[in-house]
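J.: What follows is a predicted protein model with its sequence.
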Amino acid sequence: MKLLNVPVIDISSFRSGTAAQKKAVAMQVDQACRDIGFLVIDGHDISPEIIADMRKVSRAFFDLPLEEKARVARPAPDVTRGYIGMEEESVGRLRDPTATAGDLNESLMIGPVDLPPAAYAFSEAAGKHFAPNLWPASPEALRTVWSAYYREMGKLAQTLMRIFALALGLDEFYFDDKIDKHISRLRIRNYPAQASVPVPGQIRAGAHSDYGSLTILAAEDRPGGLQVCNAANEWVDVPIVPGCYIINIGDLMARWTNNTWVSTLHRVVNPPAGAGESSRRQSLVFFHNPNYDAEITCLPTCVSKDEMPRYLPITSGEYLRSAFVTTQN
Ligand SMILES: O=C(O)CCC(=O)C(=O)O
Ligand SMILES: [Fe+2]
């Protein structure tokens, strides 16, 4: 029986357990990634303080007047840095070109905070994956807090990729050298309370799947939250468990696994009319992406000898570049 709801998995015994305990965690993760593409993890070691600091400085940024926020506006559609205002993007448009209403959130986004050597980071193949970050002048602490959080997310993503490797029957460290110069993005989304009724079809974030290897999301339990489309084609709420992260795999991981794992559609729905100020919601979203020169070629354990892989090999950087250009997300 396929999982139709998102499971909660404690990964602490992967970090400190025996080989058998690590394998047991990996097997649970494998089932979640095959069946629904989402899991909630407990037992990560990210401190509650850094999450609270992230929430505080990010909220202070979104509370600034629009002119201030616009000083760090995204410089061009294919540069995934900076501020994107309310209704400026529609993440559902790629799958549904009739989804013309803009999403009811605003966001601020950064890329890598520690650069690899210039010859690698600024080569032609690197494209804009190491474009400079646009740091707002206020709040002053944002840069330090966000940089520290980005680094923490990179470490947690490495642990998750090790779990993924075991789950896929590979050596635990299989992905390590493919993610040691990762081109991940950290994006904080602010979903304000809704003072007026949205236009038909307009929601907080339209139905989409993520692009990269995996996403690490700290959500908030507020009216108008995250839903995932399960294997029975029903929208189910993703559980918000205090202190836990929501993890999902992206399209690149599905491709890497030859669709053994699923990158599922998800969306953020509106709060009920009149829900009031308590429906303001903030998401800390870390989109993990492998090194730009990592070859995304069908994993050896995801295809049998007499079968052809479904996809041609492509580099992570080229795959993501074309996804950003298509959707301007
Ligand atoms: O805010 C959320 O809960 C999810 C946001 C999301 O799916 C995304 O940013 O890709
Ligand atoms: Fe998403």
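T.: Sure, I can see it. Numbering: from 1, shown residues only. Ligands and ions are numbered 1, 2, ... in the order given.

J.: Now do the strands in the stretch 101-250 of the chain.
T.: Using DSSP state E, counting those that start in this stretch, the strands of the stretch 101-250 of the chain run over residues 106-110, 185-191, 205-208, 214-218, 226-229, 235-237, 245-249.

J.: Pass me the low-pLDDT residue ranges in the chain, would you?
T.: 326-329 (pLDDT under 70).

J.: Share the number of residues neighbouring the closest residue to residue 131 other than its chain neighbours, please.
T.: Among residues not flanking residue 131 along the chain, residue 79 sits closest, at 5.2 Å (C-beta to C-beta, 6 or more residues apart in numbering). (C-beta placed from N, C-alpha, C; glycine too.) Look at residue 79: counted by other C-beta atoms under 10 Å, it has 15 neighbours.

J.: thinking again about what came up before, hey, which of the strands of the stretch 101-250 of the chain is tucked in deepest?
T.: strand 245-249 (a mean of 26; mean count of other C-beta atoms under 10 Å).

J.: Restrict the helix or strand just after that one to CA atoms and write it as CSV.
T.: The helix or strand immediately downstream of strand 245-249 is helix 251-256, counting by DSSP states H and E. Output of helix 251-256 as CSV, limited to C-alpha atoms (Å, rounded to 0.1, in the frame of the first residue of the first chain):
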residue,chain,number,x,y,z
ASP,A,251,12.5,17.3,-10.1
LEU,A,252,16.3,16.9,-10.4
MET,A,253,16.3,14.1,-7.8
ALA,A,254,13.3,12.4,-9.5
ARG,A,255,15.3,12.5,-12.8
TRP,A,256,18.5,11.2,-11.1
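
J.: For residue 279, which non-adjacent residue is spatially closest?
T.: Of all residues not flanking residue 279 in the chain, residue 271 sits nearest, at 3.6 Å (C-beta to C-beta, 6+ apart).

J.: before we move on, the earlier item: would you list the strands of the stretch 101-250 of the chain in TSV and tack on distance to ligand 1?
T.: Below are the strands of the stretch 101-250 of the chain laid out as TSV (distance: least, C-beta to the nearest ligand atom, whole Å):
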stretch	distance to ligand 1
strand 106-110	8
strand 185-191	5
strand 205-208	5
strand 214-218	6
strand 226-229	4
strand 235-237	11
strand 245-249	7
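
J.: circling back: the residue nearest to residue 279 contacts residue 221, doesn't it?
T.: No: with contact defined as C-beta atoms under 8 Å, residue 271 does not reach residue 221; the gap is 12.0 Å.

J.: Between those two, which is the more surrounded one?
T.: Under the criterion of other C-beta under 10 Å, the comparison of residue 271 against residue 221 puts residue 271 first, with 20 against 10.

J.: do you know how far residue 30 is from residue 168?
T.: 7 Å (C-beta to C-beta, to the nearest Å).

J.: what does residue 129 give?
T.: Residue 129 sits 25 Å away from residue 168, going by C-beta to C-beta.

J.: report the longest helix in the protein, please.
T.: helix 142-167 (DSSP state H).

J.: buried ones in that helix?
T.: 142-143, 145-147, 149-150, 152-154, 156-158, 160-167 (16 or more other C-beta atoms under 10 Å).

J.: Check stretch 70-86 too.
T.: Neighbour-count burial for stretch 70-86 [16+ other C-beta under 10 Å]: 72, 74, 80-84.

J.: For burial, what's the neighbour tally of the residue in the chain that ligand 1 sits nearest to?
T.: Ligand 1 sits closest to residue 283 of the chain, with a gap of 3.3 Å, by C-beta to the nearest ligand atom. Using other C-beta under 10 Å, residue 283 has 22 other residues around it.

J.: The one 4 residues further on now?
T.: A count of neighbours around residue 287, defined by other C-beta under 10 Å, yields 25.

J.: is it true that it lies in a helix?
T.: No: remark: residue 287 does not belong to a helix; assigned using DSSP: H, G, I helix; E, B strand; the rest coil, it is strand.

J.: can you list the residues of the stretch 101-250 of the chain near ligand 1?
T.: For the stretch 101-250 of the chain, the residues in contact with ligand 1 (C-beta under 6 Å from any ligand atom) are 189, 205, 210, 217, 219, 226.

J.: Closest one of those to residue 302?
T.: residue 210 (19.4 Å; C-beta to C-beta).

J.: Which of the strands of the stretch 101-250 of the chain sits closest to residue 321?
T.: When the strands of the stretch 101-250 of the chain are ranked by proximity to residue 321 (C-beta to C-beta), strand 185-191 comes first, at 12.9 Å.
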